[in-house]
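Student: sequence first, predicted model second:
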Amino acid sequence: MTTALVLAGHGSHISPHTASVVWQHVDRLRALGVADEVAAAFWKEPPSFHRVFESLTSQDITVIPIFTAQGYFTQTVIPTEMGLTGAITQRDERVIRYARTPNEHPELARIVRQRVETGREEIGAKADQIAVAVIGHSTRRNPESRQAAEQQVALLRSAGVAAEVIAVYLDDSPAIPDVYALTNAPILICVPFFVAAGSHTTLDVPARLGLQSGERIAEINGRTVIYTAPVGVEESLAEVILDLAREAGASLHEPHEGSAWDHFPAAGREDLIAAVEAAGEMVFGDLLLSLNEVSAINPVMNYHAQRTKSLRDSKIITSPADLRAFMRGEYGVFRPLPTMRDLPIGWHVAVESAEQLHAVVETIYPGAVADWSAARQGNLRITDLHQVAARQTGMFRDVDTLTAVQHGDVVMRTCANCVLQPVWFEVSTPAVLPCAEACNLWLSRAVKQLELTESLT
């Protein structure tokens with residue numbers, strides 16, 4: 001029986017860094033070869049929680065939620081989107097295991113304490129001069145979401161590392177700015193109990209603390225404030241993920257040092273390879289594929305000239321991490337949807353095997369190969385907007401109340417700039433690259449359309 005690991009994260013429409021920490025661990029686990037397939041899934045980005053299983057061929061799948069707390073997303077959103085019924089779900093001749101969150105692993109407590117100790121040593125302060133604020137996200141929709149931060153507070157208090165230790169929250173009370181009224185020590189160490197250095201930890205939390213952009217240490221309200229890195233960016237989190245997977249019952253392979261181009265989701269892979277082999281070179285979205293190279297299509301050049309030029313003087317990319325960072329705009333303008341028609345050009349990946357060819361495409365367009373192949377075989381699972389709305393428990397539950405005009409307007413503003421064709425909205429024959437379900441970006445814009453309509457009535 002083949003096995004798969006799925007790391008489930010939040011993702012973002014604003015920052016590439018929210019998802020990047022999940023992708024870093026995916027790359028590492030692929031290189032270690034601990035499972036036949038290793039994938040990521042996100043709420044805000046593709047591949048989505050709901051469709052990630054379509055890209056996998058394994059019969060034994062373990063999902064590890066990369067969140068620092070049990071709460072609304074881990075207890076409601078992920079199970080609903082993935083169709084999970086408990087710790088073990090059996091569906092379509094598959095066994096799907098659902099692991100615990102990393103916050104329940106002792107390594108997270110060690111990292112939190114290390115953040116405090118490092119901050120204290122940095123300025124040579126004693127414990128009785130320090131107050132610590134563990135900053136969680138939390139949500140009023142799920143009271144349990146604050147328990148992880150509270151648990152870390154209890155552990156720090158028992159360790160005696162500071163005179164005062166409290167928890168404050170981004171989306172709950174006490175709120176982050178309340179930290180100045182709730183503590184008195186002259187030095188305040190703030191530890192964001194978040195997984196990634198995304199928009200929350202780089203923008204929202206620092207702003208509410210009164211820190212300027214990029215500021216780590218500052219004098220605020222007559223006190224020295226030290227803002228640490230998030231707890232989830234440590235490399236040791238990879239071992240935590242493996243521990244949680246084993247605890248959930250995953251049958252993992254013995255780790256070994258391999259390539260991050262290995263162990264990608266395999267659905268559609270053989271179909272893609274066969275198509276490229278038959279054609280010699282093939283257009284896939286805004287990519288030009290051959291058995292030797294993958295590059296982006298430049299619309300002002302013919303394919304032969306572009307292929308010759310890319311081999312001669314374009315940027316050479318050699319790893320999935322570098323390719324993903326370049327495609328997502330981590331060094332420039334962030335691309336919130338990887339299938340948008342603004343793919344960077346002037347690069348190429350020299351592929352060494354047919355399997356790597358597929359891995360390159362999957363890195364740039366996660367999940368697209370599986371849907372392309374399923375559509376060719378006539379078994380693509382399409383989810384219309386009513387079905388999407390029916391499974392929502394939050395802000396997207398009313399998206400199917402859009403009028404036909406509003407619906408079409410959001411499709412034009414979002415889908416017209418995407419290489420995928422929205423067959424969930426209107427069947428297109430033939431759909432070269434199908435989109436089987438409204439993406440999170442589309443849903444977010446649909447909600448804004450509804451809000452705008454309500455404000456004008």
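Tutor: Yep, it's here.
Student: got any ranges where the stretch 1-150 of the chain has weak pLDDT?
Tutor: 141-142, 144-145 (pLDDT under 70).
Student: and the strands in it?
Tutor: Assigned by DSSP state E, counting those that start in this stretch, the stretch 1-150 of the chain shows strands spanning 3-9, 37-42, 60-65, 88-91, 94-98, 130-136.
Student: distance-wise, check Thr85 relative to Met395.
Tutor: Thr85 is 24 Å from Met395, where distance means C-beta to C-beta, to the nearest Å. For every residue, glycine as well, the C-beta is placed using N, CA and C.
Student: now swap in Asp36 and tell me
Tutor: 36 Å.
Student: who's more crowded, those two?
Tutor: Set side by side, Asp36 and Met395 show more neighbours around Asp36, with 20 against 12, by other C-beta atoms under 10 Å.
Student: I'd say Glu355 and Glu270 touch.
Tutor: No: in this structure, Glu355 is not within contact of Glu270 by C-beta atoms under 8 Å, at 9.7 Å.
Student: quick revisit: Throw the strands of the stretch 1-150 of the chain into a markdown table and include mean neighbour count and distance to Val361, thanks.
Tutor: Formatted as a markdown table, the strands of the stretch 1-150 of the chain follow (neighbours: other C-beta atoms under 10 Å; distance: least, C-beta to C-beta, whole Å):
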| stretch | mean neighbour count | distance to Val361 |
| --- | --- | --- |
| strand 3-9 | 27 | 19 |
| strand 37-42 | 25 | 14 |
| strand 60-65 | 25 | 22 |
| strand 88-91 | 13 | 27 |
| strand 94-98 | 20 | 24 |
| strand 130-136 | 27 | 38 |
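Student: identify whichever of those lies nearest to Gln406.
Tutor: Among the strands of the stretch 1-150 of the chain, the nearest to Gln406 by C-beta to C-beta is strand 37-42 (25.9 Å).
Student: hey, C-alpha coordinates of that closest one in CSV?
Tutor: Taking C-alpha atoms only, strand 37-42 is exported to CSV below (Å, rounded to 0.1, in the frame of the first residue of the first chain):
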residue,chain,number,x,y,z
GLU,A,37,3.8,11.2,-2.0
VAL,A,38,4.2,14.4,0.0
ALA,A,39,1.8,17.3,-0.6
ALA,A,40,0.7,20.6,0.8
ALA,A,41,-2.8,21.9,1.1
PHE,A,42,-4.1,25.3,2.0
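Student: what's near enough to touch Trp261?
Tutor: By C-beta atoms under 8 Å, 6 or more residues apart in numbering, the residues touching Trp261 are 30, 320, 355-356, 359-360.
Student: try 6 Å
Tutor: 356, 359 (C-beta atoms under 6 Å, 6 or more residues apart in numbering).
Student: and Glu281, by the same measure?
Tutor: With C-beta under 6 Å, 6+ apart, Glu281 has these contacts: Ser290.
Student: could you give the bridge partners of it?
Tutor: Beta-bridge pairing for Glu281 (DSSP bridges): Ser290.
Student: and the strands of the stretch 1-150 of the chain: which comes nearest Gln212?
Tutor: Of all the strands of the stretch 1-150 of the chain, it is strand 130-136 that lies closest to Gln212, at 17.4 Å by C-beta to C-beta.
Student: quick one, what contacts Ile78?
Tutor: Ile78 neighbours (C-beta under 6 Å, 6+ apart): 8, 49, 65.
Student: can you do 10 Å?
Tutor: Ile78 makes contact with 8, 41, 43, 49-50, 63, 65, 67, 72, 84, 98 under the criterion C-beta atoms under 10 Å, 6 or more residues apart in numbering.
Student: ok, so of these, who is nearest Gly160?
Tutor: Phe67 (28.8 Å).
Student: you'd agree Ala187 is up against Gly222?
Tutor: Slight slip there: residue 187 is Ile, not Ala. No: here Ile187 does not reach Gly222: they are 11.4 Å apart, not a contact under C-beta atoms under 10 Å.
Student: those two: which is more packed in?
Tutor: More crowded of Ile187 and Gly222, by other C-beta under 10 Å: Ile187, with 21 against 7.
Student: residues contacting Glu93?
Tutor: With C-beta under 10 Å, 6+ apart, Glu93 has these contacts: Gln59.
Student: turn the contacts of Ile78 into JSON lines, columns for distance to Phe334.
Tutor: Converted to JSON lines, the contacts of Ile78 look like this (distance: C-beta to C-beta, whole Å):
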{"residue": "Ala8", "distance to Phe334": "21"}
{"residue": "Ala41", "distance to Phe334": "20"}
{"residue": "Trp43", "distance to Phe334": "17"}
{"residue": "Phe49", "distance to Phe334": "21"}
{"residue": "His50", "distance to Phe334": "23"}
{"residue": "Val63", "distance to Phe334": "26"}
{"residue": "Pro65", "distance to Phe334": "24"}
{"residue": "Phe67", "distance to Phe334": "22"}
{"residue": "Tyr72", "distance to Phe334": "25"}
{"residue": "Leu84", "distance to Phe334": "30"}
{"residue": "Tyr98", "distance to Phe334": "30"}
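Student: out of those residues, which is nearest to Asp371?
Tutor: Among the contacts of Ile78, and counting by C-beta to C-beta, the member closest to Asp371 is His50, at 12.5 Å.
Student: show the contacting residues for that closest one.
Tutor: Counting by C-beta under 10 Å, 6+ apart, His50 touches 41, 43, 78, 80-83, 383, 387-388, 391, 436-437, 440.
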